[in-house]
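Asks: Got a predicted model here, sequence first, then my questions.
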Amino acid sequence: MRASRVKWLLSAIEADRLLQNYFSENPGFHARIARLDYRYRIEFAQSALFFIGIWQAGKGSFSLDLLDPEWAEIFCIMARLSFFKQTGPRYQMIVPKTVAIDRIKDELLRLIATQDSERRLHPEELLTNMPQQQAIDWKRKLKRMSW
């Protein structure tokens, strides 16, 4: 399990490298997605560390409030980049097969397109989500499973 977390983190580091290189070569793109970088920097590796930490603290599961922009927005992008795989109504952390700048750009623009008239982003529109009680029930169920 430890090796997969390392590979997962290395994929996030690669995503950061690709995005920073793209920003350097295409400053206009950064301006197009500035809303995403306004309050919280787009940092895949830092976010990956955070998700690993809450996953470990939750003993193999965690829930996330999709109305919390600090983590919901980057979770959305990472899920759509296959750092998380949808399994039924929930997501599992997986190592993406590839990390490509074209996909990163597309997902950043897709999230920006959810912005409403009050400049709030809506990552919940791009993800499968569940009510809080259902998430609590899933966490209990997962903790009882023998792996």
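Replies: Received the coordinates, thanks. Residues are numbered from 1 along each chain as shown.
Asks: any chance you could map the helices in this structure?
Replies: Listed from the start of the chain, the chain has helices (DSSP state H) covering 2-25, 27-32, 34-39, 44-57, 69-80, 101-112, 132-144.
Asks: Give me the distance between the two termini of stretch 33-52.
Replies: 26 Å (Cα to Cα, to the nearest Å).
Asks: Make a markdown table out of the helices of the chain and add mean pLDDT, mean neighbour count and distance to Arg120.
Replies: Yep, even glycine has a C-beta here, placed from its N, CA and C like the rest. Conversion of those to a markdown table gives the following (pLDDT from 0 to 100; neighbours: other Cβ atoms under 10 Å; distance: least, Cβ to Cβ, whole Å):
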| stretch | mean pLDDT | mean neighbour count | distance to Arg120 |
| --- | --- | --- | --- |
| helix 2-25 | 92 | 15 | 23 |
| helix 27-32 | 86 | 12 | 18 |
| helix 34-39 | 66 | 13 | 10 |
| helix 44-57 | 91 | 16 | 20 |
| helix 69-80 | 90 | 20 | 8 |
| helix 101-112 | 95 | 16 | 12 |
| helix 132-144 | 70 | 12 | 20 |
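Asks: Just put the ones you listed in a markdown table and tack on distance to Val95.
Replies: A markdown table is the format used below for the helices of the chain (distance: least, Cβ to Cβ, whole Å):
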| stretch | distance to Val95 |
| --- | --- |
| helix 2-25 | 5 |
| helix 27-32 | 26 |
| helix 34-39 | 24 |
| helix 44-57 | 11 |
| helix 69-80 | 12 |
| helix 101-112 | 15 |
| helix 132-144 | 20 |
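Asks: Now do Phe44 against Asp106, distance only.
Replies: Distance of Phe44 to Asp106, computed by Cβ to Cβ, to the nearest Å: 15 Å.
Asks: so which of the helices of the chain gets nearest Ile94?
Replies: Evaluated over the helices of the chain, closeness to Ile94 peaks at helix 2-25, with 7.7 Å, by Cβ to Cβ.
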